[in-house]
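Asker: the sequence and its predicted three-dimensional model are supplied below.
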Amino acid sequence: MAPARQLWRRKRKIRSLVALCIETLAKNIEEASVEALEHLPVAILWRVYRYYVAEWSV
């Protein structure tokens with residue numbers, strides 16, 4: 001049987017900085033200005049859109 005510390009490490013999900021930023025931006029999309037969003041790459045905007053739709057769709 002694996003020690004408790006190893007089991008805890010397996011359950012912990014490590015996320016990238018980009019994923020954290022996308023999640024934060026999607027949660028605060030109402031406060032983001034169009035000028036700020038137009039400088040983001042299209043791939044990042046699509047990820048924000050997909051996160052937003054998945055999180056808040058009913």
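Answerer: Sure thing, it's come through.
Asker: low-confidence ranges, the protein, go.
Answerer: Segments of the chain classed as low confidence (criterion: pLDDT under 70) are 1-12, 58.
Asker: what about Ile44, how many residues nearby?
Answerer: The burial count assigned to Ile44 is 14, neighbours taken as other Cβ atoms under 10 Å. C-beta: built from backbone N, CA, C; applies to glycine.
Asker: residues contacting it?
Answerer: When contacts are counted by Cβ atoms under 8 Å, 6 or more residues apart in numbering, Ile44 is found next to Val18, Ile22.
Asker: quick check: buried residues in the one helix or strand Val48 maps to?
Answerer: For Val48, the element it lies in under DSSP states H and E is helix 42-56. Of the residues in helix 42-56, Arg47, Val48, Tyr51, Tyr52 count as buried by neighbour count, 16 or more other Cβ atoms under 10 Å.
Asker: turn these into TSV, including distance to Glu30.
Answerer: Written out in TSV, the entries for the buried residues of helix 42-56 read as follows (distance: Cβ to Cβ, whole Å):
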residue	distance to Glu30
Arg47	18
Val48	13
Tyr51	15
Tyr52	11
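Asker: specify which member of those residues is nearest to Ser16.
Answerer: Ser16 lies nearest to Arg47 out of these, by Cβ to Cβ, at 11.2 Å.
Asker: with adjacent residues omitted, what lies nearest to that closest one?
Answerer: Once flanking residues are discounted, Arg47 sits nearest to Ile22: 5.1 Å by Cβ to Cβ, 6 or more residues apart in numbering.
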